[in-house]
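1. model the structure of this input:
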Amino acid sequence: MVIRFLAEGDDLVALTDSDLGNASTYTPPIIERIKNDGPAYNPTALILVPTRELAIQVHEDIFQSTNRGTTARVLGLFEGKPLTSQIGPLKHGVDIVVGTPGRVLEHVERKTLRIEQLKILVLDRVDEILEMGIAQEVETIVGETPKTRQTVLFSATSPPRVLRMARKHLRDPELVGLTAEEFESAAASDVPAARMVNLYFGAGKASGVTPRDLVGVITNEGGLTGDQIGPIKIKQNFSLVAVSAEDAEDLVGKLRSSRIKGSKTKIRLERF
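-> Take a look at the predicted model:
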């Protein structure tokens, strides 16, 4: 059923307790799509997984199922390898990218990975992604992809925040493992939108700052969770992170002595 939905181009939310990811489920439709559409310079499919270990496993599974990369070009983007060593294959063109949000976002921000024409986005083990506090990185990546993409979300569990992410980014998704009533009920249980303000950090791209750095400081030293952090904008010499106005004053006090990339940086409130 899952493969049929994917082959038909439907968005999909699927609950599965697979410990090894779901590559055997989503790989065949992706490869068939690449065969039908023909190779392209920029990737047809992007698969995001929470950990380096899972990225390696999924990459190997897909590599083998594509006849060791001859049917479709697949590249793994994950920590543990120099980022610069991954730029060459990207310049030569790839069909499928498998990666962790942190490393994928680094390439997106450097413009070494272009996903503006992506056709298929797979979010695997989303519950783990949210538990690890890297949801903001995923949100930033999704924001760089076209709205016409097919989006597939796999999760072992279905807490409301997983289904809220699905409702935010998927279009009329098919459901596997839960009913429409369960999906709508959980996805609709949003906390009322709070008035947001920006935290201004006096460090940006020039200092090598990434969303992970900012989220790490705010969650570790400020006590917020990833779900309580709004959009992040990183400019050349400063960064803005949206948080609830209710939390903002307290956060500024807690973060005044924080260091980002080893250096102390100015932190203040900046209204939207």
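2. how is this protein partitioned into domains?
-> Following the assignment in automatic domain parsing, the chain carries domains at 2-187, 196-270.
3. now mean pLDDT and mean neighbour count too, for these, in a markdown table please.
-> No exception for glycine: its C-beta is placed from N, CA and C like everyone else's. Shown next, in a markdown table, are the domains of the chain (pLDDT from 0 to 100; neighbours: other C-beta atoms under 10 Å):
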| stretch | mean pLDDT | mean neighbour count |
| --- | --- | --- |
| domain 2-187 | 90 | 18 |
| domain 196-270 | 87 | 17 |
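4. for Ala72, what are its contacts?
-> Going by C-beta atoms under 8 Å, 6 or more residues apart in numbering, Ala72 touches Ile30, Ile31, Ile34, Lys35, Pro39, Thr66, Asp95, Ile96.
5. closest one of those residues to Leu121?
-> Ile30 (10.8 Å; C-beta to C-beta).
6. quickly find the element holding the closest one.
-> helix 23-37 (DSSP states H and E).
7. tell me how far Gly262 lies from Ala203.
-> Per C-beta to C-beta, to the nearest Å, Gly262 is found 11 Å from Ala203.
8. no, scratch that, I was asking about Thr84
-> 23 Å.
9. what ranges do the helices span in the chain?
-> Taking DSSP state H to define them, one finds helices in the chain at 2-7, 23-37, 52-65, 87-92, 101-110, 126-131, 135-143, 160-169, 180-187, 211-220, 245-255.
10. residue contacts, Asp127?
-> Counted by C-beta under 8 Å, 6+ apart, Asp127 has contacts Ser155, Ala156, Thr157, Ser158, Pro159, Val162.
11. may I ask which two of the residues you listed are separated the most?
-> Among these, Ala156 and Pro159 lie farthest apart (C-beta to C-beta), at 10.5 Å.
12. could you dump the helices of the chain into CSV and include distance to Leu77?
-> Output for these, formatted as CSV (distance: least, C-beta to C-beta, whole Å):
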stretch, distance to Leu77
helix 2-7, 22
helix 23-37, 15
helix 52-65, 8
helix 87-92, 8
helix 101-110, 5
helix 126-131, 15
helix 135-143, 11
helix 160-169, 20
helix 180-187, 30
helix 211-220, 15
helix 245-255, 31
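13. now intersect the contacts of Asp127 with the strands, please.
-> The strands in this structure, assigned by DSSP state E, contain Ser155 from those.
14. quick one: contacts for Gly80?
-> Neighbours of Gly80 in contact, by C-beta under 8 Å, 6+ apart: Arg52.
15. over to it: give its phi and psi.
-> phi 110, psi -20 (degrees, to the nearest 10).
16. quick one: it from Leu199, how far?
-> For Gly80, the distance to Leu199 - C-beta to C-beta - is 31 Å.
17. Val217 too?
-> The value you get for Val217 to Leu199, if C-beta to C-beta is used, is 10 Å.
18. now Arg68
-> From Arg68 to Leu199 the distance is 47 Å (C-beta to C-beta).
19. which strand residues bridge the residue nearest to Met196 when sequence neighbours are not counted?
-> With sequence-adjacent residues excluded and distances taken as C-beta to C-beta, 6 or more residues apart in numbering, Met196 is closest to Ala242, at 4.7 Å. Taking DSSP bridges as the rule, Ala242 bridges to Asn198.
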